[in-house]
Each structure stands twice: as structure tokens, then as C-alpha cells.
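Peer 1: just coords:
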């Protein structure tokens, strides 16, 4: 299994599930980061536009890149509805090989653990090198790591969420299994979304995998890529990071 597997199937449910979990907790942070720079901002793994659209509404030009066509299709619909076509450019591509000229962006954003979907070290190395090339002189790379992945309990076929109205207006249930591969430091989620009830229920099954990366581990990788860490943050208000922080954000600059 590779880190991009499952995201096409997840697209239909991504916004519904994230509204129950991370929601908009991080949006103000990324809007503030974008407001401090001049020029277009790049978002890695933009998905359905959860971060890109509110940042663009704040007046910033956002370029979003994602590998999943179904995710981007949903993002494009949202961009059209919001009439933000002049503010948001969506690109289907691979974040390991960014298809942009060098020194294009004063800010590159990698929200909510997107880099942890890079399960193999060489893929992370390629991505960080591409980001470094894409940043303007003194440009900033902001990334968030999901702090609690290694502590996630293992379980099998647990009902982890319910809703009266899912993405298609029907009752919805998420049945989830979690497996920890401690040797490879990979957390695997097997998800089944069930919409409707009884014989007419529609089921969608897929798997997602994420890699455990600590803040010190990521700092070393950023430095190896030629980036200089400027801040470690432990909340979305800019507070300092420590091991007990629920939020892990790293800001790094191109030297």
C-alpha cells in the first residue's frame, strides 16, 4: 500500500468526516500565515479545498496541488460556487515533483499531516527538496504533523462515527479498524462508510495509511533539505511547542 491509495474513494466522505474532527480549528492559522506574505501561496495536498478556499477568500491567491482527481473535482465545484476562480488555481500533480518554476512561492503550506501520507523516506526527501526549490528567497514552509498517530489504539470494526445526514442526505455510519505497524511506524485505517439502512445501504470500503514522524525527526529532514527551522508551535495561536502539545506545527525558511 502506498500513501496515496484510498484518497480517491475517500473524496465523497472527506468533508463530512473532517467537519466532525478537525473542522475549522486550523483555518485562522493558515489565513494569518498567508496574510503575512506577498505573492501566490502553494498548498500541498489541497484535497477538496478545506484550507485553500478560506485562505483565498481572505484575499490570497492560492495554488493547490493534489494527486486525487475526485478530490480536485469537488474542490473545483466549491471554487465555482464561491466565485473564486481568479483566486484559486487547482493542479493535479505529484508533490514529490512540483510542476512549478523554482522560487515561485513565498509560502508553501502542508496542513494537517499531509506529509505523513508519504510512507517511504525517499518520497519525503524528494518532496522536501521540491519545496525548497519552489520557495522564494526567505520563503516559508509551514507544516503540521498529527501528534497522536503512534498512540492510536488498535481496534477492529468499531463504529467510530454516526450522522443523520451524510454527504448524500442519508443516515451514515463509519465502521473503522486501526492497525499499528510499530516496526515500520505506520498507522493503517481501514474504513467502511455505510449510507442508508438495511438492504438498500450503500457501502464504500478503502484503506488509508500514515507514517509516524516526530518534530525532531522532521526538523532534521528539513535541515537536510536546506531549510532553516524558524519556529516550533504547539497551538494554532502561535504558542510554543513541547512534547505534550496537541498541535505540532513547524515553520522553516529557505536560507
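Peer 2: Thanks, I have the structure now. All values derive from a computational prediction rather than experimental measurement. Numbers count the residues shown, from 1 in each chain.
Peer 1: so where does residue 176 fall, helix or strand?
Peer 2: strand 172-181 (DSSP states H and E).
Peer 1: And for residue 222?
Peer 2: helix 215-224.
Peer 1: for that helix, which positions count as buried?
Peer 2: Buried residues in helix 215-224, counted by 16 or more other Cβ atoms under 10 Å: 215, 218, 221-222. Where C-beta positions appear, they are placed from N, C-alpha and C, glycine not excepted.
Peer 1: Nearest to residue 206 among the residues you listed?
Peer 2: residue 218 (26.8 Å; Cβ to Cβ).
Peer 1: Excluding residues flanking it in the chain, which one is nearest the closest one?
Peer 2: Taking Cβ to Cβ, 6 or more residues apart in numbering as the measure, residue 218 lies nearest to residue 250, with 5.9 Å between them; neighbours along the chain are not counted.
Peer 1: pretty sure the one you found contacts residue 223?
Peer 2: No. With contact defined as Cβ atoms under 8 Å, residue 250 and residue 223 do not form a contacting pair (11.0 Å).
Peer 1: what do those two both touch?
Peer 2: Contact criterion Cβ atoms under 8 Å, 6 or more residues apart in numbering; residues shared by residue 250 and residue 223: residue 229.
Peer 1: And the helices in the stretch 1-150 of the chain, which stretches?
Peer 2: Listed from the start of the chain, the stretch 1-150 of the chain has helices (DSSP state H, counting those that start in this stretch) covering 7-20, 27-35, 52-57, 69-82, 121-134.
Peer 1: chain center to the third one, what's the gap?
Peer 2: The one in question is helix 52-57. Shown here is helix 52-57, whose average C-alpha point lies 15 Å from the average C-alpha point of the whole chain (Cα atoms, centre = their mean, to the nearest Å).
Peer 1: So for it, what gets flagged as buried?
Peer 2: 52-56.
Peer 1: Specify which member of the residues you listed is nearest to residue 184.
Peer 2: Nearest to residue 184 out of the buried residues of helix 52-57 is residue 52 (Cβ to Cβ; 31.2 Å).
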